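[1] sequence and predicted structure are below.
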Amino acid sequence: MNVGTVLLGLAFGASLSGAGILGRAYVADDDAYVAHVPKLTAAAAVLLVSALLHLTYQFVTTDYSNAYVWENTASYLPLLYRVTGVYAANEGSVLLWAAIVSIVAMIAGAVRGIPDRHAKLVHGLTLGLVTYFTGMLLAQSPFASIRTAFPGAPPGFVPTSGQGLNPLLVDPYMAIHPPVMFTAYALLAMPFAIGTAHFVSLFRGNGGVFPTWHGTVTRWLRLSWLFLTTAVALGGLWSYTVLGWGGIWAWDPVETAILIPWLFLTATLHAVTTYEPTGRYRVLAPAMTATVFALVVYTTSVVRSGVFRSVHSFADGGIGAAFLVLMALTAALGVVVPVTYWLLEPDEGVDDGDDRWLRRSNLVHLAVLGFGLLTFVSLWGLSFPLLRNAITGLEVSVEARYYNLWSYPLVLGLLLLLGFYMDYEASGRRRALAGLGVFTTATVVGAFVAPTETWQLASTRPNDAVVYQLVGSASVASVLPPVAYAILGTVKRTGGRIRAAASRNARLKETGITLIHVGAALLVLSLPFMYVFAGQASVMATGVGDGSMDTSQQAVPGSDYSVRVLGHSRTEFPRDPAVGTYALSTEQVVRRGSSLNGSVQTVHGRVTDVREGPRATVVQLDGSSVWVGLAGNGTTAPVTTGERIVARGRLMWDFVPSADAVVLAGPETIGPTADPPESVVPTRVIAEGVSLAVYEGDRLRASGIAGQRRYPEQGGMQIRDVVIDRGLLVDTYVIAGVSDGTASITVKRIPFVTLMRLAIVSLLLGMSLVALFDPRHGAVTDTAVRGTARDPNPEVAD
Amino acid sequence: MARSRRIAEAEIRLIPPKKSICTVLYAIRIFIASEETVGFTRGSRYCRSPMKPRKAMTLAFFVVLLSIGYFSMHAAPTLSDENYSYHGDTRWQTNVTAAEETAAAEEKPIVVYFWTTWCTYCEDYNREVYADPAVQSELDDFVKVAVNLDDDGSESARMQQEYNVNYPPQHVVITPDGEVLVRVNGYAGTEDFLSYLDAAEQRYSGGSA
């Protein structure tokens, strides 16, 4: 039992009693004890945040008596990466998630209170989630004692150094990616609770909650969308710089797992903004709202329960089973209940009876379905290998092109639809249909216009399935007409709508909508070009290690680039670490006492006595009861009295009568503190690289140090140090592998990365504008117009 | 009033899934678009009004979704069956013990390839290296074993531990007794890969001679 566990236990108690009170009050329809719930919610939030801060503190002070800290950090890491070690594995991630959900629950409760019976159900469900997460943490605690990792260790045993942070996570992007992602996930808890409560209420004949909570749902969803988009973008940019293969997306299961909720959330937002309480989407919008969170839990389970392992396998562990149970629960509430209601729904005749096909609401519906299909493609790619393996025992591969080639036509279709929708509103039916015809034809023609073979989307193999052959052999030029159409249509419509907007907020929202759609179109433009037109060429440089390399400009064969190797560098980390970071002082040894017996330790101190015996020499440190023993006849005792030394060896407690502790060192493992022997100082990272300059023609394109970082204590894992020149049109991306005095240098040319960065900025900016300033459901404009008042200028008018 | 409502409620209880029945009828109508089926669905008591555009779209959505799902699952290339896994145009054994026996009998060294489904450099190997005929003929002098790092089986775990492998792709060339001849960590281009294999062969024949 320790402070962290107590905090978690109390948080569990608070959230469980809160959820229990609300559940009972909902069923009994009375207000008994409900007045205590806000306090309990706040208590749970404060306790969970305290637990998180406590864990962070343990990481910052590298308190290795905590097994989780020991597994995920090391003393040489700078402060930032000691902090981010907190969410390097499952336990810390779930704690972060739980803490944010509890804050969300607290804010939601504080803003709206618990005015009616439905609110009890909604808040009961969010508190239930907090309870579940906290329960998971109690079952597999981030505060478990180090003795769970070393069951045989004596009481009080504390390792002197940590295992280290997963090298892939030692990156600024990864420092902020997880909190952003878990915030997005946590913000989806409220919509989940509201969507689920809606159907529970419908089944109980209470009329549903969605109409009154529509604004709240919209705000939570939009905020979550903003965070989720940021998280996906950060993940992509991280992969670009850290994984060192020069791309942003590899359809790694974990990447796919975050894209799936993103796609579905995008679909949901389109449905929720089109929602009318008694008309269209009265079932679908609440159903999708509830499903998003279920999808988040599903994909997280698939990735973290160890069913699938991938780059992110740092996160596997026993918490998986708890995730699977949560998955079943959320799927039941978020998917099965709405579907059951939909199937049993007695009457469908509330629609306005308008049977025209060409209506804006129908076009939006197509968009919702299109995003639904995109979600399905990714979801299916993540799921069917498991399914097929379970059924047939065959292992099948899901290659990147499965995702790429199925998604590509869908995305083009969505862009054409977007262009048509926007144009239809701006120019009317006849002209819009003509426009759609022209741009669709252009898209099909574009698919056949391939000046060179590079333009092909994918290399096809003769025994490929028809779809892969067909889409794979299409030219990337086919992306241009849909993108142009979407942007033209959006800009055209915006002009009119901004002029028609009644207020500053409405104008800002319109601008936001435009930025989002233009950003999305530009993103779609940049991605295929980035991959299809990326080119690379390599050159070898020898004699790098001993300085005998050729420092003149060498052409890189098969490209316009040339490279000059200017020097070689090799650095070991930690660099000249303070002795206290890797060795125990005599005081620490005495304090830890017999728990150190038999373990290999490094100690340091001032020599106060040297006694040479016939077969061994013993050296007293700091006048204490700690001695260093050296085998040998004692004539070559390498230390003198008064010197500060460091020594490493097996520590024996109560080994000889006159001393408490003796460290049995050898000639290689003892030396002065100022110049410690190599075998004593730990090396965590060996960074080796070449400084180089890359020219294109005569122009200097990029310069810097490219190479790799090797983590000898973490399985020899290697991370690339790349040099990137971010150009307006083309990025120059330099990778160097340095070993045995030879550098193999690869120069990649990746087009349109800056366009992609701009597109992301545009998306995020647009999302923020809409989330903040929407006159109807904006975060800052919310108080002005509330509830069910009709939007004077709705996004989807019919 | 109250009576008619009761009847209506009773009817609901009797035929709750009328919407789904109607959906099925419409699905039939889409595939067999004849006068009779149109008349049948329209006349059916389950579907009093003709299908709304949005519903038709939703239905089409599910049809497309199911076809994508079915088709893509069957078009996916087989990575491994009971005894082999396939990389580029090469076929690798997955049973380590059997491979060791083969290697001992034929006195060939073993190439152990550690891979995963999601590693991009493994795809580069498939595309660039294993597709090369020179590599293929060189590999014929070895017994090939592929170990999927995501495989939780005991043999896979044993190999990973024995050769200290924790990231893909890696190749370890060993003697039939398991002694390491050459390691290739990460990606090596075709030329490098061939020279590694050469080095392994030389060391092997040198050691056994």
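    Sure, I can see it. Everything numeric in this text was worked out from a predicted model, so none of it was measured.
[2] wait, is residue A:272 part of a strand?
    No. Under DSSP: H, G, I helix; E, B strand; the rest coil, residue A:272 sits outside any strand and is assigned helix.
[3] so it touches residue A:287, yeah?
    No. Using C-beta atoms under 8 Å, residue A:272 makes no contact with residue A:287, being 10.8 Å away. C-betas here are computed from N, CA, C, even on glycine.
[4] domains in chain B, by residue range?
    B:21-74, B:79-205 (automatic domain parsing).
[5] any idea which of these scores lowest on pLDDT?
    Per-stretch mean pLDDT for the domains of chain B is lowest at domain B:21-74 (a mean of 68).
[6] number of residues surrounding whichever residue of chain A sits closest to chain B?
    Closest contact between chain A and chain B, by C-beta to the nearest C-beta, is at residue A:465 (3.6 Å). Neighbourhood size, residue A:465 [other C-beta atoms under 10 Å in any protein chain shown]: 17.
[7] contacting residues for the residue in chain B that chain A sits nearest to?
    Chain B approaches chain A most closely through residue B:75 (3.6 Å), counting by C-beta to the nearest C-beta. The contact partners of residue B:75, by C-beta atoms under 8 Å, 6 or more residues apart in numbering or on different chains, come to A:464-465, A:467-468.
[8] let's see if you can find the most crowded of these.
    Ranked by neighbours (other C-beta under 10 Å), these are led by residue A:468, which has 22 neighbours.
[9] nearest residue to it other than its sequence neighbours?
    Leaving aside its sequence neighbours, residue A:468 sits nearest to residue A:405 (C-beta to C-beta, 6 or more residues apart in numbering or on different chains; 5.5 Å).
[10] please, which helix or strand holds that neighbour?
    Applying DSSP states H and E as the criterion places residue A:405 in helix A:400-427.
[11] tell me what that helix is packed against?
    Counting contacts by 3 or more C-beta pairs under 8 Å, 6 or more residues apart in numbering or on different chains; DSSP states H and E, helix A:400-427 packs against helix A:360-392, helix A:429-448, helix A:466-472, helix A:480-500, helix A:504-532, helix B:53-75.
[12] which strand or helix spans residue 182?
    As the question left the chain open, I've gone with chain A. helix A:172-187.
[13] try chain B instead
    strand B:180-185.
[14] quick one: the helix or strand just after that strand to strand B:180-185, angle?
    Proceeding N to C from strand B:180-185, the next assigned helix or strand is helix B:190-208, under DSSP H and E. Between helix B:190-208 and strand B:180-185, the angle comes out at 160 degrees (axes from the mean of the first three to the mean of the last three C-alpha atoms, to 10 degrees).
[15] what sits up against helix B:190-208?
    For helix B:190-208, contacts defined as C-beta under 8 Å, 6+ apart pick out B:107, B:109, B:111, B:128-129, B:132, B:134-135, B:138-139, B:141-142, B:171, B:173, B:175, B:179, B:181-182, B:184, B:188.
[16] buried ones in that helix, by neighbour count?
    If you call a residue buried by 16 or more other C-beta atoms under 10 Å in any protein chain shown, then helix B:190-208 has these buried ones: B:193-194, B:196-197, B:200-201, B:203-204.
[17] rebuild those residues as a markdown table, extending it with distance to residue A:482.
    Output for these, formatted as a markdown table (distance: C-beta to C-beta, whole Å):
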| residue | distance to residue A:482 |
| --- | --- |
| B:193 | 42 |
| B:194 | 45 |
| B:196 | 47 |
| B:197 | 48 |
| B:200 | 52 |
| B:201 | 54 |
| B:203 | 57 |
| B:204 | 57 |
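[18] out of these, the closest to residue A:670 would be?
    Within the buried residues of helix B:190-208, the smallest distance to residue A:670 is 38.0 Å, found for residue B:203 (C-beta to C-beta).
[19] report pLDDT for residue A:317.
    pLDDT, residue A:317: 49.
[20] a strand runs through residue A:677, doesn't it?
    No. Read with three-state DSSP, residue A:677 is coil and lies in no strand.
[21] so the nearest residue to it once chain neighbours are set aside bridges to which residues?
    The spatially closest residue to residue A:677, leaving aside those adjacent along the chain, is residue A:671, at 4.2 Å (C-beta to C-beta, 6+ apart). Applying DSSP bridges to residue A:671 yields these beta-bridge partners: residue A:646.
[22] so who does residue A:671 touch?
    By C-beta under 8 Å, 6+ apart, the residues touching residue A:671 are A:638, A:645-647, A:677, A:680.
[23] show me which of these are buried.
    Buried, going by 16+ other C-beta under 10 Å: A:645-647, A:677, A:680, out of these.
[24] neighbours around residue A:698, how many?
    For residue A:698, using other C-beta under 10 Å, the count is 7.
[25] neighbouring strands of the strand holding residue B:182 in the sheet, and parallel or not?
    Partners of strand B:180-185 in its sheet, by DSSP bridges: strand B:170-174 (antiparallel).
[26] from the chain's centroid, how far away is the strand it pairs with?
    24 Å (C-alpha atoms, centre = their mean, to the nearest Å).
[27] residue A:244 - that's part of a helix, no?
    No. Per three-state DSSP, residue A:244 lies outside any helix segment and is coil.
[28] what is the helix or strand residue A:219 falls within packed up against?
    Element membership of residue A:219 [criterion: DSSP H and E] is helix A:210-242. Helix A:210-242 is packed against helix A:117-139, helix A:172-187, helix A:189-203, helix A:253-274, helix A:284-304, helix A:753-773, with contacts defined by 3+ C-beta pairs under 8 Å, 6+ apart.
[29] can we see that at 7 Å?
    If you count contacts as 3 or more C-beta pairs under 7 Å, 6 or more residues apart in numbering or on different chains; DSSP states H and E, helix A:210-242 packs onto helix A:172-187, helix A:189-203, helix A:253-274, helix A:753-773.
[30] no more questions from me, cheers.
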